[in-house]
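Participant: After the sequence you'll find the predicted model.
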Amino acid sequence: MWRIRRLWTSVAGFYEGNVDLAGRSERRFHSLKKRLDKFLDDIASLRTHIVESPPAVMDDGREALLFLVSPSSVLDNFRAKYKLGYVDLPEILAIPEIMRSMYPGNPKPVFQKLFLTDLPPELLLYIFDIVHIDDARALGVTCRTLYELSFSYVYQRRRLVLHVDPNFIEKTLDDISDIDKRYLCRLSVEMRKRLLRDFRFLLTRDDILKRVEHLGIKNSWTPDMASAAGLNTAFEQQTFYAPIWKEIEATLSGAANLQELQLEKFAMTKEMICAMASLRSLQTLSVHGCPFNRLPSWDTLPPMATVVNLILFPQDVPGSEMLELVALVPNVRSLTVMGLPSMPCALPQDDFIMRHNPFRVLERVNLSHIDDEEVPLLFHWIRDAAITPGQPLRITHFRLELEYGLQEDEVFQLINGLEGAPLRTLTLEGLSYVEDDLFTRLAEAFPDLNALTLIHRQNILQRASRPSRWPGATWEYAARLAAFSCLKHFMWNFDMRPLQCGTTFDLPYAEAGYPASKIPELYREFDENCFEVTWDILPRLFCAYCPTLETLIFSMLHLALLEFKMKRNETGKLVVYMTDEPSNTEQFISNNPIWPINTSFDNPWHIRQRPLRP
């Protein structure tokens, strides 16, 4: 059926003026129109052999009209002619009517005057620069000219994975039977062969390897699955993974133009670190659950001086060990540490913290689920960097997500530690204290603040970023924003839902003889009187106190429940645009990059700079 759909939608595109990769040329239109006319004639011929059968009753009680073709050889010939695996007769028979209703009177087709191949190479290269890699590949298969231009783009991203049977990902070791263990043992060997084959192919194609700019290397095997497959002792793990480690080291050494690397659940070796340190273009390093027990002392390893974006995701690995990787990244400017609610990230030992302080050079910091007991130590670590003589803080973006809300003394300790930094974006996801002096202190400490996100924890039981009952009313918080001189974006999780209260408005409905025709009208009046349907009064209220405000967002978890955009027209009148569909908007992500965005290459807080070429 897809051939039939493609044929008639391709012709329809000429009438609608749509552009596709094949181009809307006059020659192509006449070719497609000739085929479509012949197809419509065949449908008309097929219709003369249609016999309607009695309606069939479906499982849900509805009746369906079935079509039969008599003789059946007519349908067989139709299927063979158009190479149809199956025939949806109602859809096919409706095509002529759809064409007549959508394009009455035989409108003139719209032909394309300028084609992609007519554009100068500089503009074509710019198109390849901004499109997704899948679109670059689609462009590359249209013609030889675009194929030659796309060659530098289609190999930019590579992903090498040690795969596993997805049916076992959620299982624990106790859930895996002896039969499954033997199966996983065979599967691990087979998946390793496949991964090694992928590595060796890449190593034999130097033309591809040198074009790779974004590389992901992932181990999908969980510790329980690896144990079930017989990888229990250090010797067994060494024997199994040693060939893979060797190929990773060779691949990193050969990827001369690599800019972004994600390594997931493979133990890091000294040779891997040396290979990364030799890459002059490497800017972003993302490490997910990689054990460091095979590494020697940090002092014996070369620094990765070109890396400016560091992502640490300590899955199944102590966060205190993984955070020590900052010692090898002296020029890190954007740091993301992603702990888990079930496995919060601990900080390194005191002697390491005294010798290494990344906050002296960091510009963008994104921290999630730091161990609650070590949050004060984190604030002291930041404060130590702030009081370093001659080295003021450079932090412009700061995000902290905690399961429990920060109390008054804790949040002011953080503000004191960050004071003096040129902070423009601040996100505090997990606050218990949201009184007046918090806003006053934030405005005093960070006068250049451009975007502010505050997520309140209603009580000790609320640990997720759901809508919360803030202690004050909206107008009170609008007044507090008057202290900010250049705030443009404000996001919070104020609960917009009305408090539920029982009333007796519907008692008349139960009276005998009440006219049923009035019931919908009474419900409509109830909705109008008890629920607010036009929320644009809120952004106007906030803009009255904070004239620089451009965006107001009410959030829930990873979504914007309500987003208002405000701007003034030529006469100075405030115009409000509202988005009331829950969405993950660009402004939401920019203010509060959460998982999985914050652990990906698409993190908006990453520093982008021109890489050094070998």
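Facilitator: Structure's in. What do you need?
Participant: residue ranges for the helices of the stretch 501-614 of the chain, please.
Facilitator: 519-530, 537-545, 586-591 (DSSP state H, counting those that start in this stretch).
Participant: if we look at the shortest one, which residues are touching it?
Facilitator: With contacts defined as CB atoms under 8 Å, 6 or more residues apart in numbering, helix 586-591 is touched by 425, 427, 451, 453, 489, 491, 551, 553, 555, 559-560, 563, 597, 604. Just so you know, the C-beta spots here come from the backbone N, C-alpha and C atoms, and that holds for glycine as well.
Participant: Please, a PyMOL command that selects the buried ones among those residues?
Facilitator: PyMOL command restricting the contacts of helix 586-591 to the buried ones, with burial defined by 16 or more other CB atoms under 10 Å:
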select buried, resi 425+427+451+453+489+491+551+553+555+560+563+597
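Participant: weakest of the helices of the stretch 501-614 of the chain by average pLDDT?
Facilitator: Mean pLDDT per stretch puts helix 519-530 lowest among these, at a mean of 61.
Participant: any weak-confidence spans in the stretch 351-500 of the chain?
Facilitator: Residues of the stretch 351-500 of the chain meeting the criterion pLDDT under 70: 498-500.
Participant: if we go to 50?
Facilitator: Scanning the stretch 351-500 of the chain for pLDDT under 50 picks out no residues.
Participant: again, but for the chain
Facilitator: 614.
Participant: Pull up the gap between residue 47 and residue 395, please.
Facilitator: 72 Å (CB to CB, to the nearest Å).
Participant: go on, residue 122?
Facilitator: 38 Å.
Participant: Which one of the two is surrounded by more residues?
Facilitator: In terms of neighbours (other CB atoms under 10 Å), residue 395 is the more surrounded of residue 122 and residue 395; the figures are 24 against 7.
Participant: how far away is the closest residue to that one other than its chain neighbours from residue 264?
Facilitator: Nearest residue to residue 395 in three dimensions, chain neighbours excluded: residue 421, at 4.3 Å (CB to CB, 6 or more residues apart in numbering). Look at residue 421 and residue 264: by CB to CB, they are 32 Å apart.
Participant: So between the two, which is more surrounded?
Facilitator: With neighbours defined as other CB under 10 Å, residue 421 and residue 264 compare such that residue 421 has more, 25 against 19.
Participant: State the three-state secondary structure for residue 286.
Facilitator: Following DSSP: H, G, I helix; E, B strand; the rest coil, residue 286 is assigned to strand.
Participant: which residues touch it?
Facilitator: By CB under 8 Å, 6+ apart, the neighbours of residue 286 are 260, 261, 262, 263, 310, 311, 313, 599, 600, 601.
Participant: Give me the subset of these that lies in strands.
Facilitator: The members of those that map onto strands under DSSP state E are 260, 261, 262, 263, 310, 311, 313.
Participant: Quick one: the strands in the stretch 151-300 of the chain, in order.
Facilitator: For the stretch 151-300 of the chain, the strands defined by DSSP state E, counting those that start in this stretch cover 157-162, 214-219, 260-264, 284-288.
Participant: Tell me which of these lies nearest to residue 417.
Facilitator: Checking the strands of the stretch 151-300 of the chain against residue 417 by CB to CB gives strand 284-288 as the closest, at 26.0 Å.
Participant: and the closest one, C-alpha only, in CSV?
Facilitator: What follows is strand 284-288, C-alpha atoms only, in CSV (Å, rounded to 0.1, in the frame of the first residue of the first chain):
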residue,chain,number,x,y,z
THR,A,284,33.1,17.2,25.4
LEU,A,285,33.7,14.1,27.5
SER,A,286,30.7,12.2,28.9
VAL,A,287,31.4,9.3,31.4
HIS,A,288,28.5,7.1,32.4
